[in-house]
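Chemist: pasting the sequence and the predicted coordinates here, then a few questions.
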Amino acid sequence: MRVARRRLGLSQRALADALGWDRSKVGRWECGGTPEGFDEVVALLRILGFGLELIDPDARRWTGWDDPAEHIVDRAERRFPAHLELCEEDVSTTWNWTRHRSEPSPLAGLTSFRRRTRTQAVADEGQLAAEQDALRAADPPAGRATSQEAS
């Protein structure tokens, strides 16, 4: 708290005036005093330029694979670049996303990043849909006749 106050160039008295507190209260807090209420903590954080963020300590149970880029990091704790789409890739080519030099990350083959444009992704989806349609036409479900067999 003291460091943040000093970075803003505020004295204890100026900070106390901005919050509507007594100067001694600011001094007590800086020396490890306990706040009287949560509202005071939030007000202090806002004045000092901080935001409040609540973090679930058991976040793993809520973390799914809906957006893998949110929690996939490399050895330097860097996240995947947000502007790139994730796609499957051969594990042998993901040398920079490994835990150790010889041990590939178990998630490297599932999610990796390549510079794929949105147009390429849509084209790939269209090609996949066309292949699935061709497979369905070639192998109709049992008991159904295709239009060619009926004529």
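Modeler: That came through fine.
Chemist: quick one, strands of the protein?
Modeler: 86-87, 112-113 (DSSP state E).
Chemist: where's Ala16 relative to Ala138, distance?
Modeler: 79 Å (C-beta to C-beta, to the nearest Å). Yep, even glycine has a C-beta here, placed from its N, CA and C like the rest.
Chemist: have a look at the two and say which one is more surrounded.
Modeler: Neighbour count, other C-beta atoms under 10 Å: between Ala16 and Ala138, Ala16 has more, with 17 against 8.
Chemist: Ala138 versus Val3, what's the distance?
Modeler: 69 Å.
Chemist: where in this protein is pLDDT low?
Modeler: 59-118, 140-151 (pLDDT under 70).
Chemist: could you list the domains of it?
Modeler: 2-47, 65-138 (automatic domain parsing).
Chemist: what packs against the lengthiest helix in the chain?
Modeler: Counting by DSSP state H, the longest helix found in the chain is helix 118-138. Helix 118-138 sits against no helix or strand, with contacts defined as 3 or more C-beta pairs under 8 Å, 6 or more residues apart in numbering; DSSP states H and E.
Chemist: buried ones in it, by neighbour count?
Modeler: Using 16 or more other C-beta atoms under 10 Å as the test for burial, helix 118-138 gives no buried residues.
Chemist: can I get it as CSV, trimmed to CA atoms?
Modeler: Extracted in CSV, the C-alpha atoms of helix 118-138 (Å, rounded to 0.1, in the frame of the first residue of the first chain):
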residue,chain,number,x,y,z
ARG,A,118,-10.4,-17.2,-40.7
THR,A,119,-10.8,-17.9,-44.4
GLN,A,120,-8.6,-21.0,-44.1
ALA,A,121,-10.6,-22.2,-41.1
VAL,A,122,-13.9,-21.7,-43.0
ALA,A,123,-12.5,-23.5,-46.0
ASP,A,124,-11.3,-26.4,-43.9
GLU,A,125,-14.7,-26.7,-42.3
GLY,A,126,-16.4,-26.6,-45.7
GLN,A,127,-14.1,-29.4,-47.0
LEU,A,128,-14.8,-31.5,-43.9
ALA,A,129,-18.5,-31.1,-44.4
ALA,A,130,-18.2,-32.1,-48.1
GLU,A,131,-16.2,-35.2,-47.1
GLN,A,132,-18.8,-36.2,-44.5
ASP,A,133,-21.7,-35.7,-47.0
ALA,A,134,-19.8,-37.9,-49.5
LEU,A,135,-19.4,-40.6,-46.9
ARG,A,136,-23.1,-40.5,-46.0
ALA,A,137,-24.1,-40.7,-49.7
ALA,A,138,-21.7,-43.7,-50.2
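Chemist: perfect, that will be all.
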